[in-house]
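Asks: With the input below, show me the fold.
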Amino acid sequence: MKIVDYYLDSWRRFRDVQGKSTRPEFWWPFLIHPIVFFFLGGIFAAILGLNTDQIGPEILYALAYFWVLITLGIRRLHDMGRPGTWLLLGLVPFGNLVLLYWLVQPSTPDTGE
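Replies: Predicted coordinates:
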């Protein structure tokens, strides 16, 4: 279950902004997050009797995962030889398209810097 390991590793390394993350280490947690979020939403709605328009405790998971996603993005950019500050490009219009292009690129070989 390599996919689950990638997801759990993203939580274990939530403070690591100096390391690197490969494409699978970035994309699998990125794709699993919405599934976990909606699964938690269904569980909390059933337990707490929430309506579909009410926000439950799963929002805490989403806020925590937002930080994990930022650190994953920084490590992924490091893996391609770019500084993590390039993640701020997502705040500029169409900057997400550039980031998406970079995030799907293969890892660069280590230059020994």
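Asks: pLDDT on the lengthiest helix in the chain, on average?
Replies: Using DSSP state H, we find that the single longest helix of the chain is helix 23-48. Helix 23-48 comes out with an average pLDDT of 86.
Asks: residue nearest the centroid of this structure?
Replies: residue 69 (2.9 Å; CA atoms, centre = their mean).
Asks: Output the contacting helices and strands for the helix or strand of the chain with the lowest mean pLDDT.
Replies: Sorting the helices and strands of the chain by mean pLDDT, DSSP states H and E puts helix 23-48 at the bottom, at a mean of 86. The contact analysis (3 or more CB pairs under 8 Å, 6 or more residues apart in numbering; DSSP states H and E) places helix 23-48 against helix 2-12, helix 58-79, helix 95-103. Heads up, the C-betas are built off the backbone N, CA and C, glycines and all.
Asks: what about 6 Å?
Replies: If you count contacts as 3 or more CB pairs under 6 Å, 6 or more residues apart in numbering; DSSP states H and E, helix 23-48 packs onto helix 2-12, helix 58-79.
Asks: What are the buried residues along that helix?
Replies: 25-30, 33, 40-41, 44 (16 or more other CB atoms under 10 Å).
Asks: likewise stretch 87-99?
Replies: 87, 89, 99.
Asks: Now do the closest residue to the first one other than its chain neighbours, the pLDDT please.
Replies: When you say that, I think you mean residue 87. Distances taken as CB to CB, 6 or more residues apart in numbering place residue 73 nearest to residue 87, at 4.8 Å, with adjacent residues excluded. Residue 73 is assigned 92 on the pLDDT scale.
Asks: okay, now residue 73: neighbour count?
Replies: Neighbour count for residue 73, taken as other CB atoms under 10 Å: 21.
Asks: returning to that earlier point: okay, the helices and strands packed on helix 23-48 in JSON lines with distance to residue 18 next?
Replies: Below are the helices and strands packed on helix 23-48 laid out as JSON lines (distance: least, CB to CB, whole Å):
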{"stretch": "helix 2-12", "distance to residue 18": "15"}
{"stretch": "helix 58-79", "distance to residue 18": "8"}
